[in-house]
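Undergrad: I need the structure of the sequence given here:
(one chain, ligands or ions: 2)
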Amino acid sequence: MREIALHILDIMQNSTAAQANMIRVSITADPKADTLTITIEDNGCGMDSELLASVTDPFSTTRKTRRIGLGIPLMKASCERSGGSFEITSQKSIGTTVTAVYETDHIDRPVLGDLAGVITDMAASWPGVDIQLRLMYQAKQFEFSSGEAARMLGEVPLSEYSVVKWLREYINEGINEIFGGVLSEILG
Ligand SMILES: Nc1ncnc2c1ncn2[C@@H]1O[C@H](COP(=O)(O)OP(=O)(O)O)[C@@H](O)[C@H]1O
Ligand SMILES: [Mg+2]
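TA: Ligands and ions are numbered 1, 2, ... in the order given. Alright, predicted model coming up:
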């Protein structure tokens, strides 16, 4: 089964293709509702209502290289397999928001996977894009912004090996702190 982090990567790649310079990934665990809700928001070119209505169909893509688009239909199927739901809203020239809900304790929920790797790789590959991550569980919150990190680093690029390594560890610590014991695959 595919990791949730890889679905998030696919959706983030749609945002960079849409020329976004801000992508915000938020992940909220709600133990009462037994849900893990992931939103990926961007300020890219957006979609008109016709394209938006067709994107959950795998035969819909505006890419020229391959004639079917799979990022969105695959994540939707993954959510629905685990008792969750999937929604996209978009406004032309404003941006797009993808909301993916998983039933946390569902037997078919994929593991979170290497989220820290995905976020640091995106931050290193797209220095002009503010990649934001926010994790929430009850009163606990963790936030990261690659734009803010870049400002703090000054001349040192986010793609520098030591920086990538440090960021990855930092984000992994945040994931463990917020979701340890909440997601069965992460021990608290
Ligand atoms: N964040 C986004 N902003 C603007 N358009 C988007 C966004 N996400 C998806 N799209 C549109 O939906 C299409 C389908 O996306 P997807 O299922 O990921 O397949 P692919 O990226 O392979 O085309 C894209 O080709 C693009 O036209
Ligand atoms: Mg895609």
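Undergrad: What residues does whichever residue of the chain sits closest to ligand 2 make contact with?
TA: Closest to ligand 2 within the chain is residue 71: 3.1 Å, counting by CB to the ion. (C-beta placed from N, C-alpha, C; glycine too.) Contacts for residue 71 (CB atoms under 8 Å, 6 or more residues apart in numbering) come out as 7, 10-11, 13-14.
Undergrad: Roughly how far does it sit from ligand 1?
TA: Here the distance between residue 71 and ligand 1 works out to 3 Å (CB to the nearest ligand atom, to the nearest Å).
Undergrad: Please identify the residues of this protein in proximity to ligand 1?
TA: 10, 14-15, 18, 42, 44-47, 51, 55, 60-63, 69-73, 96 (CB under 6 Å from any ligand atom).
Undergrad: Would you show me how to pick out the buried ones of those residues in ChimeraX?
TA: In ChimeraX, this line selects whichever of the residues of the chain next to ligand 1 come out buried by 16 or more other CB atoms under 10 Å:
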select :10,14,15,18,42,44,45,46,47,55,61,69,71,72,73,96
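Undergrad: Flag every buried residue along the worst-scoring helix or strand of the chain on mean pLDDT.
TA: Every helix and strand in the chain was compared by mean pLDDT, DSSP states H and E; the lowest is helix 49-54, with a mean of 92. By 16+ other CB under 10 Å, the buried positions in helix 49-54 come out as residue 52.
Undergrad: Repeat that for stretch 121-140.
TA: Within stretch 121-140, the residues scored as buried using 16+ other CB under 10 Å are 121-124, 126, 129-137.
Undergrad: And the contacts of that stretch?
TA: 9, 12, 16, 20-29, 31, 115, 119, 141-150, 157-159, 163-164, 167, 171, 174-175, 177-179, 182.
Undergrad: just the helices in this protein please.
TA: 4-17, 49-54, 71-81, 115-125, 146-153, 161-179 (DSSP state H).
Undergrad: phi, psi of the residue of the chain positioned farthest from its centre?
TA: Distance from the C-alpha centroid of the chain, by CA atoms, centre = their mean, peaks at residue 155 (27.3 Å). Per-residue torsions, residue 155: phi -70, psi -20 (degrees, to the nearest 10).
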